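Visitor: coords below, sequence missing:
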């Protein structure tokens, strides 16, 4: 079994650069082609004859004012809707409305994508031009709806209208011909959840979410929104996302369709493990560096057209993202191109370090993912500064600036010490949010583990345990923002539990938070939610910027895809430790599972792992590119065997190729 696995993955990697086929393919949400068709009729009202033709063949006839049909595409889609107007009368009037969630199906309004409003009617409907001409109707790029599952076709006259051939031309991933051509895969059975395929479905839901968040740079959302065409009320998706050409990685399919570098702290990793396509992240970072203030060196909070300003944390995420692009692609030319911008932005952050040794975040730069209290000696901001210094040191070394590399490393070491001295609460055994607060944050503590600000494994274990105090049945209630369950921060927490060696705890969190969002009837059930509340409603940030507009919440948000890379990096245990995986590590966290398999592709080739536990013996098949090298560390006890030969140590150094390792567990 293990030998055949190795053969399959090597053939796939060498011949096609694609993931091997297998039972996991059935969980890939990506459509077979650019064209998606509705899969079923959700509801009908009024006089509509032959409505089933809208999901098969033939013509559906609308025969009365206010008659409508709601079509269900079965999953998140996004792009230009088209259909044939087979016949119509001179006074025929037709409109379209859209929603990601079934909760907001309406003949009068779409879910809101441009701005939040208490009445939840900001976007309205798209009214087709009058008179309604026969022939093919197709939305313009401006009119396209970036993300939806349900579309309602409404007649506003008593005259008969015949409609046929409804579909949507998906516009996401514009640079890919085959949307299902994943280079990575993941597969396992989860015996401790009501759906044993949950973890596999979740991995693919994350991958598909990031695909729907990858758009052409000229198809961002206009801001402020405009009514560019009289028959399109409230959305306009043909804005420039920045001074680049090609794909960019944005935050959401429906909204904001804008670059936010914090979100990329999750979604860029998902790009790697599922797609091996870092170009959208690279383009997005080029946009962010183009926003630099020449006087201060600061970067914007987001890219155009929103152009938000004032976030130290998101400046840090742009710097960290630069290292991610280099690590996953080996593109040192990209680093050279942005290096002047990088160093100026990092100098801007370091200029805020005060006598405590920590960055003192000013109110004007305290914006973050939505949390309260980001100013002062904030733990999350200082952890991100630490990570920026560590990754900056590595990048400086790569471009030959040894002096700057040494300076960044020294500053990082000092900052780590001072964070622990000032913000570690030895009683709570967690980091405080600030030296003036007793709040124990989810984001700062999870990222302190993820980015190695902790000083020992005991701290890591304590934080992992402490984070569970915020758990509810459907996910952690973040103490940083009232009544908020935030998958962005939850993704960092999942990784923290894996790093702590608490794989079963990590899966418990996945069951709670992502188990809720992937199966609730409120969600689109194919891509992942921006956030929700403690009672499971879609009122994420309802009282904190979203005007109690539950329809405004995004159902396809890349920052919620943390489980996808987490399962590859930790359940499979694959780590990329130098550019493109020239060096690597394999350290699976079994997490109460009996088996798992999968892998990822880089420019060097295929990195595959398949493990299984049988009769208290762990067997792991590893496949890595020839010419690379790495370290394998298996859980368990007793000696490790490699290809049948007993090893003397626990950490096994291997050259690239195919190997089978075993150990008792």
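Guide: Yes, it's here. As the structure is a prediction and not an experimental result, all values here were calculated from the model.
Visitor: buried ones in the longest helix belonging to the chain?
Guide: Criterion DSSP state H: the longest helix present in the chain is helix 402-423. Neighbour-count burial for helix 402-423, counted by 16 or more other CB atoms under 10 Å, picks out 404-405, 407-409, 411-412, 415-416, 418-419, 422-423. C-beta here means a position set from N, CA and C on the backbone, and glycine is covered the same way.
Visitor: what sits up against it?
Guide: Applying CB atoms under 8 Å, 6 or more residues apart in numbering, the external contacts of helix 402-423 come out as 343, 346, 350, 353, 356-358, 377, 379, 382-383, 385-386, 389-390, 392-394, 396-397, 431-432, 434-435, 448, 453-455.
Visitor: again with stretch 467-482
Guide: Contact with stretch 467-482 is made by 370-373, 430, 433, 439-443, 445-446, 483-487, 489-490, 493, 496-497, 505, 509, 512-513, 516, 532, 534, 536, 541, 543-544, as judged by CB under 8 Å, 6+ apart.
Visitor: now stretch 427-447: mean pLDDT?
Guide: Mean pLDDT, stretch 427-447: 97.
Visitor: Residue 347 should be in a strand, yeah?
Guide: No. Counting by DSSP: H, G, I helix; E, B strand; the rest coil, residue 347 is not found in a strand; it is helix.
Visitor: Contact partners for the residue nearest to it when sequence neighbours are not counted?
Guide: Among residues not flanking residue 347 along the chain, residue 297 sits closest, at 5.6 Å (CB to CB, 6 or more residues apart in numbering). With contact taken as CB under 8 Å, 6+ apart, residue 297 is in contact with 344, 345, 347, 348.
Visitor: Counting neighbours, which of these comes out on top?
Guide: residue 345 (26 neighbours; other CB atoms under 10 Å).
Visitor: Could you export the contacts of residue 297 as TSV, including pLDDT and distance to residue 640?
Guide: Below are those laid out as TSV (pLDDT from 0 to 100; distance: CB to CB, whole Å):
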residue	pLDDT	distance to residue 640
344	98	48
345	99	44
347	98	46
348	98	47
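Visitor: Out of those, flag the one nearest to residue 180.
Guide: Nearest to residue 180, judged by CB to CB, of the contacts of residue 297 is residue 345 at 37.6 Å.
Visitor: in the stretch 101-250 of the chain, which spans are helices?
Guide: 198-212 (DSSP state H, counting those that start in this stretch).
Visitor: what residue ranges in it are flagged as low confidence?
Guide: Where the stretch 101-250 of the chain drops to pLDDT under 70, the residues are 225-233.
Visitor: so residue 605 sits right up against residue 623, yeah?
Guide: No. With contact defined as CB atoms under 8 Å, residue 605 does not reach residue 623; the gap is 9.1 Å.
Visitor: residue farthest from the centroid of the protein?
Guide: Centroid-distance maximum for the chain: residue 90 at 46.9 Å, with CA atoms, centre = their mean.
Visitor: I figured that one hits residue 157, correct?
Guide: No. The criterion here is CB under 8 Å, and residue 90 misses it with residue 157 at 9.4 Å.
Visitor: picking up where we left off before, which of the contacts of stretch 467-482 are buried?
Guide: By 16+ other CB under 10 Å, those give 370-371, 373, 430, 433, 440-443, 445-446, 483-487, 489-490, 493, 496-497, 505, 509, 512-513, 516, 532, 534, 536, 541 as buried.
Visitor: can you tell me which of the contacts of residue 297 lies nearest to residue 24?
Guide: residue 345 (40.0 Å).
Visitor: Return the residues in contact with the closest one.
Guide: 289, 292, 297, 298, 299, 315, 318, 319.
Visitor: Checking my notes, the third one in a strand, right?
Guide: Read it as residue 297. No. Read with three-state DSSP, residue 297 is coil and lies in no strand.
Visitor: Next, give phi and psi for it.
Guide: Per-residue torsions, residue 297: phi 90, psi -10 (degrees, to the nearest 10).
Visitor: circling back to that earlier point, redo the contacts of residue 345 as JSON lines? Include distance to residue 643.
Guide: Formatted as JSON lines, the contacts of residue 345 follow (distance: CB to CB, whole Å):
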{"residue": "289", "distance to residue 643": "47"}
{"residue": "292", "distance to residue 643": "52"}
{"residue": "297", "distance to residue 643": "53"}
{"residue": "298", "distance to residue 643": "54"}
{"residue": "299", "distance to residue 643": "49"}
{"residue": "315", "distance to residue 643": "48"}
{"residue": "318", "distance to residue 643": "44"}
{"residue": "319", "distance to residue 643": "42"}
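Visitor: Relative to residue 327, which of those is nearest.
Guide: Among the contacts of residue 345, and counting by CB to CB, the member closest to residue 327 is residue 319, at 13.2 Å.
Visitor: If you drop the residues flanking it in sequence, what lies closest to residue 35?
Guide: Here the nearest residue to residue 35 in space, its sequence neighbours aside, is residue 167; by CB to CB, 6+ apart that works out to 5.2 Å.
Visitor: Return the residues in contact with the one you found.
Guide: Residue 167 touches 35, 36, 37, 38, 81, 82, 83, counting by CB under 8 Å, 6+ apart.
Visitor: Give me the buried stretch members for stretch 581-593, please.
Guide: 581, 582, 583, 584, 585, 586, 587, 588, 589, 590, 591, 593.
Visitor: Please work out how many residues are found near residue 142.
Guide: 17.
Visitor: what's the answer for residue 633, then?
Guide: 16.
Visitor: In a markdown table: the contacts of residue 345, plus distance to residue 642 and pLDDT.
Guide: A markdown table is the format used below for the contacts of residue 345 (distance: CB to CB, whole Å; pLDDT from 0 to 100):
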| residue | distance to residue 642 | pLDDT |
| --- | --- | --- |
| 289 | 45 | 98 |
| 292 | 49 | 98 |
| 297 | 50 | 98 |
| 298 | 50 | 98 |
| 299 | 47 | 98 |
| 315 | 45 | 98 |
| 318 | 41 | 98 |
| 319 | 39 | 99 |
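Visitor: Just the buried subset of these, please.
Guide: 289, 292, 297, 298, 299, 315, 318, 319.
Visitor: got the contact list for the nearest residue to the fourth one once chain neighbours are set aside?
Guide: Spatial nearest neighbour of residue 298, excluding adjacent residues (CB to CB, 6+ apart): residue 348 at 4.9 Å. Contacts for residue 348 (CB under 8 Å, 6+ apart) come out as 296, 297, 298, 315.
Visitor: nearest to residue 163, of these?
Guide: Once CB to CB is applied, the member of these that ends up nearest residue 163 is residue 315, at 49.6 Å.
Visitor: pretty sure that closest one is touching residue 299, no?
Guide: Yes. Residue 315 lies in contact with residue 299 (CB under 8 Å); the separation is 4.8 Å.
Visitor: what sits in contact with each of the two?
Guide: With CB under 8 Å, 6+ apart, residue 315 and residue 299 have common neighbours 261, 345.
Visitor: Hmm, residue 499 is touching residue 450, no?
Guide: Yes. In terms of CB under 8 Å, residue 499 counts as a neighbour of residue 450; the distance is 6.8 Å.
Visitor: Those two: which is more packed in?
Guide: Taking other CB under 10 Å, residue 499 and residue 450 do not tie; residue 499 has more neighbours (23 against 20).
Visitor: Need the per-residue pLDDT for that one.
Guide: Note for residue 499: predicted pLDDT of 98.
Visitor: show me what contacts it?
Guide: 449, 450, 460, 570.
Visitor: Would you check how far apart it and residue 20 are?
Guide: Here the criterion is CB to CB, to the nearest Å. By it, residue 499 lies 29 Å from residue 20.
Visitor: got the domain boundaries for this protein?
Guide: The record's domain split for the chain, according to the TED database, is 34-170, 185-571, 575-664.
Visitor: for those domains, which one sits closest to residue 26?
Guide: Closest to residue 26 of those is domain 185-571 (CB to CB; 8.7 Å).
Visitor: just how off-centre is that closest one within its chain?
Guide: Centroid separation for domain 185-571 versus its chain: 9 Å, with CA atoms, centre = their mean, to the nearest Å.
Visitor: Surely residue 126 and residue 142 touch.
Guide: No. Counting by CB under 8 Å, residue 126 does not reach residue 142; the two are 10.7 Å apart.
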